[in-house]
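Visitor: Please work out how this folds:
(one chain, ligands or ions: 1)
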Amino acid sequence: MAGPIKLDFSEKYDDQHAQKYLRKHQEGLNRRLSHWRDEQLARKALTLAGEPGLVLDLPCGAGRFWPLLAEKHNRVIIGADNSESMLKVAVQAQPADVVKRVQPLHTSAFDIALPDNAVDSIFCMRLLHHIGEAEHRLAILREFERVTRDSVIVSLWVDGNFKAWKRKRAEKRRRQEGYQNRFVLPAATVEKEFEQAGFRIQEYLDFLPFYAMWRVYVLRKR
Ligand SMILES: C[S@@+](CC[C@H](N)C(=O)[O-])C[C@H]1O[C@@H](n2cnc3c(N)ncnc32)[C@H](O)[C@@H]1O
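Guide: Residues are numbered from 1 along each chain as shown. I've put the predicted structure just below:
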């Protein structure tokens with residue numbers, strides 16, 4: 001039998017890259033503003049999802065959402081990532097009183113090491129825009145459908161905004177065909193995939209409507 005899917009992009013998160021990723025969201029005014037807006041959307045999405053009590057943060061990366069997830073005092077948080085280096089950095093970098101609330105889990109989104117209906121919500125920030133193949137996205141979404149009891153909060157890049165238009169134009173100019181690491185998806189395509197995997201869309205929240213590509217969807221199991 002074939003093993004779980006492994007993607008090239010997942011391999012880059014070694015010790016060095018993990019440190020770089022931690023700093024990325026802390027440096028410069030633009031980055032900090034962007035993290036602040038990410039947090040605003042995340043808070044709103046969690047409220048829409050009914051303030052879930054048991055949340056799987058997958059992929060947790062450097063744990064930048066752990067303090068926010070811990071704002072609800074009785075919330076149980078599982079911080080999961082495919083990269084041991086990222087998990088290590090997250091545990092070292094986040095405040096100790098937050099880290100003690102988090103159960104770290106080394107696992108892949110394609111094959112989550114948890115039973116069916118194990119959590120109330122899966123909180124999935126900045127993973128799907130790395131997944132270029134529809135069949136890979138579906139594999140992840142179906143795994144989410146198995147593991148969540150109720151909701152999924154997921155962020156990705158969609159088209160239909162200025163930045164997506166600009167990116168497409170730049171790509172055409174460069175006629176770039178080589179290795180691509182991040183993908184803009186037509187909103188209609190990904191919305192169909194959510195349905196196919198067994199979710200309905202409760203709501204979506206745009207980072208900056210008509211301008212930015214980031215969109216957060218709140219999905220509920222059908
Ligand atoms: C762009 S980071 C996002 C991290 C975090 N959600 C955030 O927004 O700061 C992408 C993360 O996905 C993780 N990753 C890559 N492939 C994965 C997989 N198959 N399963 C779970 N995590 C994966 C990487 O290790 C990395 O930490």
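
Visitor: Against His35, how distant is the residue most central in space within the chain?
Guide: Using CA atoms, centre = their mean, the residue of the chain that lies closest to the mean C-alpha position is Met125, 2.0 Å off. Distance of Met125 to His35, computed by CB to CB, to the nearest Å: 11 Å. All C-beta spots, glycine's among them, are computed from the backbone N, C-alpha and C.

Visitor: any idea which helix or strand carries the closest residue to the residue nearest to the centre of the chain other than its chain neighbours?
Guide: Distances taken as CB to CB, 6 or more residues apart in numbering place Ser155 nearest to Met125, at 4.9 Å, with adjacent residues excluded. Using DSSP states H and E, Ser155 falls within strand 148-157.

Visitor: Now do that strand: which elements does it pack against?
Guide: helix 29-48, strand 119-124, helix 134-147, strand 214-221 (3 or more CB pairs under 8 Å, 6 or more residues apart in numbering; DSSP states H and E).

Visitor: List the residues that contact the residue in the chain that the ligand sits nearest to.
Guide: The ligand sits closest to Gly61 of the chain, with a gap of 2.5 Å, by CB to the nearest ligand atom. Going by CB atoms under 8 Å, 6 or more residues apart in numbering, Gly61 touches 21, 81, 86, 90, 125-126.

Visitor: burial count for Asp150?
Guide: Asp150 has 16 neighbours, counted by other CB atoms under 10 Å.

Visitor: Likewise for the one 10 residues further on?
Guide: Residues within reach of Gly160, counting by other CB under 10 Å, total 15.

Visitor: What of Phe9?
Guide: The burial count for Phe9: 14, using other CB under 10 Å.

Visitor: Could you pull up the residues touching the residue lying closest to Glu145 once chain neighbours are set aside?
Guide: By the measure of CB to CB, 6+ apart, the closest residue to Glu145 outside its immediate chain neighbours is Gly198, 4.4 Å from it. Going by CB under 8 Å, 6+ apart, Gly198 touches 142, 145, 221-222.

Visitor: Does Ala139 touch Lys6 like I think?
Guide: No - look at Ala139 against Lys6 with CB atoms under 8 Å: they stay out of range, at 11.6 Å.

Visitor: near the ligand, which residues of this structure?
Guide: 10, 13, 59, 61, 64, 81-83, 86, 108-110, 125-127 (CB under 6 Å from any ligand atom).

Visitor: before we move on, back to that, can you pull the contacts of the residue nearest to Met125?
Guide: 38, 41, 124-126, 128-129, 214-217.

Visitor: does it have beta-bridge partners, and which?
Guide: Val216 (DSSP bridges).

Visitor: element containing the residue lying farthest from the centre of the chain?
Guide: Counting by CA atoms, centre = their mean, the extreme residue of the chain relative to its mean C-alpha position is Arg173, 29.8 Å from that point. Using DSSP H and E, Arg173 sits in helix 162-174.

Visitor: related to what we said a few turns ago, run the chain-centre distance for the strand holding Ser155.
Guide: Distance of strand 148-157 from its chain centroid, counting by CA atoms, centre = their mean, to the nearest Å, is 8 Å.

Visitor: nearest residue to Leu141 other than its sequence neighbours?
Guide: Nearest one to Leu141, counting by CB to CB, 6+ apart, is Ala197 at 3.5 Å.

Visitor: quick one: the one you found and Arg146 touch, right?
Guide: No - counting by CB under 8 Å, Ala197 does not reach Arg146; the two are 9.8 Å apart.

Visitor: who has more neighbours, those two?
Guide: Neighbour comparison, Ala197 and Arg146: the larger count goes to Ala197, with 21 against 15 (by other CB under 10 Å).
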